[in-house]
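Visitor: I need the structure of the sequence given here:
(one chain, ligands or ions: 2)
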Amino acid sequence: MPANLTPPYHDAEERFKAAATHEERLAAMREMIALLPKHKGTEKLYADLKKRLAKLESEVEHAAHGGRRADPGHVKREGAGQWVLLGEPNAGKSTLLAALTHAHPEIGEYPFTTRVPLPGMMPFEDVQVQLVDTPAVAAGHTEPYLANLAHNADGVLLVLDVAADDGEDSAKLLLELLEKARVWPRVRPLPADAPPFLAVRPVIALGNKSDLDDGTFAEMAREAIGTDLPFHPVSALSGAGLDDLRLLLWRELRRIRVYAKEPGKKPDLAAPFVLPDGATVHDLAERVHKDVASALRFARIWGHAKFDGQQVDRAHVLADRDVVELHS
Ligand SMILES: Nc1nc2c(ncn2[C@@H]2O[C@H](COP(=O)(O)OP(=O)(O)OP(=O)(O)O)[C@@H](O)[C@H]2O)c(=O)[nH]1
Ligand SMILES: [Mg+2]
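Guide: Ligands and ions are numbered 1, 2, ... in the order given. Next comes the predicted model:
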């Protein structure tokens, strides 16, 4: 019996042949199945198409997983800076991410809920700070890529569960991981015989679940992680301590916000440039465009300078919240 295939079916078949990606092939194949006239003469072809569709679907699924598995230890940096959260199972890393950012991580009473790193953006005033939730640090179960993730971040948050009874062991594991990651807490003076390739970074310990504690457990956790590290009791559940933490996460990045302004126009206060502490007018011009930097003659500054609109040269060091008018 002839199949009597219709022109729209043939069109879909042409699209299938011309498809450049798995997704396009998948879409065209689904159309072919939908457009296939259904009668005795197309029974075999229908069964064949369904089989090919199932195979294609599993290939696409496989490719997607392969892609995700390829580099779980790299999370693209976005916003003003990146903090990585590290901690024992159930410490509350994901609950913290959910409380501080717009991300929606899975949260569970059981350990190892989080399987892959998950970033979220924390709004702070007019900037966004990136936090990265990670799978737990636990003896024999720590994902090897966590060391890389910590090394490449701008700062590390060690999340401790003050109510847990294995506080000392998990503090030890976290400190070992920092060492493996070659992250040196910025508050610690660098010894003369410091190992090479260290990333000197802000490291902050959080005593989470402070709602379950009168302060006694927090003190024990602080001693376990090292009293020289900044330590902040917080509760991801009640929100206690989180406002202070937001400010700290911005401040410890040691960055400034500056607002660029064109002569004769109002500054764009909604979109600050974020630069490292100590950045100059030249650094800002470079960030705007390299041509702007090379053509720069002087700048005018509103903010911390002696008087508003003061003329400065390219070596002038900027301060947080300066408004800068670049003149070429
Ligand atoms: N009382 C209290 N419970 C909390 C707090 N933060 C988290 N929890 C609870 O602790 C459990 C674990 O929270 P998660 O955020 O999933 O912990 P996690 O560190 O991400 O755990 P893993 O992904 O397994 O490593 C959940 O039942 C949370 O509701 C807190 O501040 N106080
Ligand atoms: Mg988690």
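Visitor: Need the three-state assignment for Ala205.
Guide: At Ala205 the chain is in strand, as set by DSSP: H, G, I helix; E, B strand; the rest coil.
Visitor: How many neighbouring residues does it have?
Guide: Using other CB atoms under 10 Å, Ala205 has 25 other residues around it. Where you see a C-beta, it was placed from the backbone N, CA and C, and this is true even at glycine.
Visitor: List the residues that contact it.
Guide: Contacts for Ala205 (CB atoms under 8 Å, 6 or more residues apart in numbering) come out as Leu157, Leu158, Leu160, Ala221, Arg222, Ile225, Gly226, Leu229, Pro230, Phe231, His232.
Visitor: And Val258, by the same measure?
Guide: Counted by CB under 8 Å, 6+ apart, Val258 has contacts Pro272, Phe273, Leu275, Ala279, Leu284, Leu318, Asp320, Arg321, Asp322, Val323, Val324.
Visitor: Next secondary structure after the helix or strand encompassing it?
Guide: Under the criterion of DSSP states H and E, Val258 resides in strand 255-261. Per DSSP H and E, the first helix or strand lying C-terminal to strand 255-261 is strand 273-276.
Visitor: Which strands and helices lie in contact with that following strand?
Guide: Judged by 3 or more CB pairs under 8 Å, 6 or more residues apart in numbering; DSSP states H and E, the packing partners of strand 273-276 are strand 255-261, helix 281-288.
Visitor: Show me what that strand is in contact with.
Guide: Applying CB under 8 Å, 6+ apart, the contact partners of strand 273-276 are 80-81, 127, 254-260, 283-284, 287-288, 318.
Visitor: Please see if stretch 136-143 touches ligand 2.
Guide: No - using CB under 5 Å from the ion, we find that stretch 136-143 stays clear of ligand 2, coming within 6.9 Å at best.
Visitor: Would you mind measuring the gap between the ends of that stretch?
Guide: With CA to CA, to the nearest Å as the measure, stretch 136-143 spans 8 Å from end to end.
Visitor: cool, stretch 299-308 as well?
Guide: First-to-last residue span, stretch 299-308, CA to CA: 12 Å.
Visitor: need the helices for the stretch 51-200 of the chain, in chain order.
Guide: 93-100, 146-152, 167-180 (DSSP state H, counting those that start in this stretch).
Visitor: okay if I get those helices as JSON lines plus mean pLDDT and distance to Asp244?
Guide: Converted to JSON lines, the helices of the stretch 51-200 of the chain look like this (pLDDT from 0 to 100; distance: least, CB to CB, whole Å):
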{"stretch": "helix 93-100", "mean pLDDT": "98", "distance to Asp244": "12"}
{"stretch": "helix 146-152", "mean pLDDT": "95", "distance to Asp244": "23"}
{"stretch": "helix 167-180", "mean pLDDT": "94", "distance to Asp244": "22"}
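Visitor: of all the residues in the stretch 201-328 of the chain, which ones are close to ligand 2?
Guide: Counting by CB under 5 Å from the ion, the stretch 201-328 of the chain has no residue next to ligand 2.
Visitor: So, low pLDDT: which residues of the stretch 201-328 of the chain?
Guide: 305 (pLDDT under 70).
Visitor: quick one on the thing from earlier: any idea how far the strand holding Val258 is from the chain center?
Guide: Relative to its chain's centre, strand 255-261 lies at 22 Å (CA atoms, centre = their mean, to the nearest Å).
Visitor: Neighbouring strands - and their directions - for that strand?
Guide: strand 273-276 (antiparallel), strand 322-327 (parallel) (DSSP bridges).
Visitor: Out of the contacts of strand 273-276, which is nearest to ligand 1?
Guide: Gly81 (21.5 Å; CB to the nearest ligand atom).
Visitor: is it true that that closest one touches Ile256?
Guide: No - with contacts counted by CB atoms under 8 Å, Gly81 stays clear of Ile256, the gap being 11.9 Å.
Visitor: Which pair of the contacts of strand 273-276 spans the longest distance?
Guide: Arg254 and Val288 (21.5 Å; CB to CB).
Visitor: Check the separation of the first and last residues in stretch 281-299.
Guide: 7 Å.
Visitor: cool, and stretch 73-91?
Guide: Terminal residues of stretch 73-91 lie 21 Å apart, using CA to CA.
Visitor: go on, stretch 144-163?
Guide: The first residue of stretch 144-163 is 27 Å away from its last residue (CA to CA).
Visitor: Just the buried positions in stretch 177-197, please.
Guide: Applying a neighbour-count criterion of 16 or more other CB atoms under 10 Å, the buried positions in stretch 177-197 are Leu177, Leu178, Ala181, Arg182, Val183, Trp184, Pro185, Arg186.
Visitor: Tell me the one of the residues you listed nearest Arg25?
Guide: Ala181 (41.8 Å).
Visitor: Contacts only, for the closest one.
Guide: Contacts for Ala181 (CB under 8 Å, 6+ apart) come out as Leu146, Ala147, Asn148, Ala150, His151, Val156, Ala199.
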